[in-house]
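1. what's the 3D shape of this:
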Amino acid sequence: MKKYLALYPAGQGGSYRKRRCECFHVSGQQVINENFVTTRIDHKFSDKDGLFGTYLYDRTPYSAPDSMGNVGLGSLSSRQIVAAEETHSFTPTFVNAVRFGYNHETVNNNQSLTGY
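-> Model (predicted):
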């Protein structure tokens, strides 16, 4: 049993609502990297036809210690968004627009990291 208690950190003392308890404060370094790109294209084929498109890619790795500061936890989220629109004017009062959009997100939470 003692070998498992060694994994549990010693408290910094203190009391909570007049009952004796141990208080723990862990302030580990949280690392977040934002890696993303956004692009947009607009093209006018003629006075009556136009095309618009956009693309977004975002990949964000995140790492931080667990609440006891024993194990490193990681998270990786990524997303991709695509949107396109084609507009055609038949007359000044009759315009047709066709739109397409796609969104894909992936999240992998609480990956155990080595080296903590």
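
2. Quick check: the residue nearest the centre of the chain vs residue 47, distance?
-> Nearest to the geometric centre of the chain sits residue 77, at 4.5 Å (C-alpha atoms, centre = their mean). For residue 77, the distance to residue 47 equals 43 Å [C-beta to C-beta, to the nearest Å]. Placement of C-beta: from N, CA and C, glycine included.

3. So residue 54 is in contact with residue 39, correct?
-> Yes - using C-beta atoms under 8 Å, residue 54 is in contact with residue 39, at 6.8 Å.

4. what about those two, which has more around it?
-> Between residue 54 and residue 39, counting by other C-beta atoms under 10 Å, residue 54 is the more crowded of the two (15 against 9).

5. Enumerate every residue touching the more buried one.
-> Going by C-beta atoms under 8 Å, 6 or more residues apart in numbering, residue 54 touches 38-41, 81-84.

6. And the residues you listed, which of them are buried?
-> Buried by 16 or more other C-beta atoms under 10 Å: nothing, out of the contacts of residue 54.

7. Thanks again, I'm all set now.
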